[in-house]
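J.: Dropping a prediction and its sequence here:
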Amino acid sequence: MSSPDQIRAVNPLPPVVVAMFLVFLGIELVFQAGTSGLVGGPQAIGWRNAAIETYHFNGAVLTWMWETGQWPLRYLIRLVSYPFVNANFTSMLIGGVMFLAMGKLVAETYGALAMLAIFFGSAIGGALIYTIGFGSQVWLLGVFPPVYGLIGAFTFLLWRRLATLGSNQTRAFTLIAVLMGLQLLFGLFFGLHSDWLADLGGFVCGFLLSFLLVPGGWARVLARLRQE
């Protein structure tokens, strides 16, 4: 008979992480079922393309809103909806696994609400930085920019821990350096896509948001402002 105090070999995933992953997976399974003809009839083959057209981020749309001063909700929502529409099942699976790993670490350390703030804040920031860097003709979809934001939050934790240990803090950026290096390597063989800037932008946003969202972070900011 096991003791209630027995340490479990595998810690359960936070509910918010499981729920979001199921959303990613559920959307992708609907697309797969439609493409296979299992549901929806002949028109279901185009469900993914229709979703991409409706929910992907488009730099031209953002530029139009900025220039006209009009901010329709159906366009604004693209800043946070594009991570839920992936190009294919493989992209969703890889991004989803990364989300499970990083989301678990961030949610357990920062809290569920802070994890959501970092995820969606990085999605918005990554899209904006992408547009600034490559102009209004860019478009974006897939979960990777906000996942890189979670990697940024995880990097912040490593960076702060290394500081307390008196170690070289640049070691905290090893993971992002490896990931960016792999993107460059694959780009040399298969063509480099400009959305690497959105991923890097998501990472930067996640790292910076951590200063405020890490437990005790906002209190430290207020204390510093009072001192000044």
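T.: Perfect, I can see it now. Note that this is a predicted model, so its numbers are computed, not measured.

J.: Was I right to think residue 81 contacts residue 55?
T.: Yes. Assessed by C-beta atoms under 8 Å, residue 81 is found in contact with residue 55 at 4.1 Å. For glycine as for every other residue, the C-beta is placed from the backbone atoms N, C-alpha and C.

J.: residue ranges of the helices in this protein, please?
T.: Taking DSSP state H as the criterion, the chain contains helices spanning 15-35, 47-55, 59-68, 73-76, 78-81, 89-110, 112-134, 144-165, 174-190, 196-213, 217-227.

J.: now the fourth one: how far from the chain's centre is it?
T.: On the basis of C-alpha atoms, centre = their mean, to the nearest Å, helix 73-76 is displaced by 19 Å from the centre of the chain it belongs to.

J.: So which elements touch that helix?
T.: helix 59-68 (3 or more C-beta pairs under 8 Å, 6 or more residues apart in numbering; DSSP states H and E).

J.: same deal with the first one?
T.: With contacts defined as 3+ C-beta pairs under 8 Å, 6+ apart, helix 15-35 has these neighbours: helix 47-55, helix 89-110, helix 112-134.

J.: For the residue nearest the centre of the chain, give me the pLDDT.
T.: Centroid check for the chain by C-alpha atoms, centre = their mean gives residue 146 as the closest residue, at 1.2 Å. Among the per-residue scores, residue 146 shows a pLDDT of 97.

J.: residue contacts, it?
T.: Shown in contact with residue 146 (C-beta atoms under 8 Å, 6 or more residues apart in numbering): 83, 118, 119, 120, 122, 123, 126, 202, 206.

J.: these two touch, right, the fifth one and residue 208?
T.: No. Counting by C-beta under 8 Å, residue 122 does not reach residue 208; the two are 9.5 Å apart.

J.: So between those two, which is more surrounded?
T.: Taking other C-beta atoms under 10 Å, residue 122 and residue 208 do not tie; residue 122 has more neighbours (31 against 18).

J.: so who does the more buried one touch?
T.: With contact set as C-beta under 8 Å, 6+ apart, residue 122 has these partners: 145, 146, 148, 149, 150, 152, 201, 202, 203, 205, 206, 209.

J.: circling back: now, of the helices and strands packed on helix 15-35, which is deepest in the fold?
T.: Among the helices and strands packed on helix 15-35, helix 112-134 has the highest mean neighbour count (mean count of other C-beta atoms under 10 Å), at a mean of 22.

J.: Mind exporting the C-alpha coordinates of it to PDB?
T.: What follows is helix 112-134, C-alpha atoms only, in PDB (Å, rounded to 0.1, in the frame of the first residue of the first chain):
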ATOM      1  CA  ALA A 112      -1.000  29.800 -14.400                       C
ATOM      2  CA  LEU A 113      -2.100  33.400 -15.100                       C
ATOM      3  CA  ALA A 114       1.500  34.600 -15.600                       C
ATOM      4  CA  MET A 115       2.200  31.700 -18.000                       C
ATOM      5  CA  LEU A 116      -0.800  32.800 -20.100                       C
ATOM      6  CA  ALA A 117       0.300  36.400 -20.000                       C
ATOM      7  CA  ILE A 118       3.800  35.400 -21.200                       C
ATOM      8  CA  PHE A 119       2.300  33.100 -23.900                       C
ATOM      9  CA  PHE A 120       0.000  35.700 -25.400                       C
ATOM     10  CA  GLY A 121       2.300  38.700 -24.700                       C
ATOM     11  CA  SER A 122       5.000  36.900 -26.600                       C
ATOM     12  CA  ALA A 123       2.700  36.000 -29.500                       C
ATOM     13  CA  ILE A 124       1.800  39.700 -29.800                       C
ATOM     14  CA  GLY A 125       5.300  40.900 -29.400                       C
ATOM     15  CA  GLY A 126       6.800  38.400 -31.800                       C
ATOM     16  CA  ALA A 127       4.300  39.400 -34.500                       C
ATOM     17  CA  LEU A 128       5.000  43.100 -34.000                       C
ATOM     18  CA  ILE A 129       8.800  42.700 -34.000                       C
ATOM     19  CA  TYR A 130       8.400  40.500 -37.100                       C
ATOM     20  CA  THR A 131       6.500  43.200 -38.900                       C
ATOM     21  CA  ILE A 132       8.900  45.900 -37.900                       C
ATOM     22  CA  GLY A 133      11.800  43.900 -39.100                       C
ATOM     23  CA  PHE A 134      10.500  42.700 -42.400                       C
END
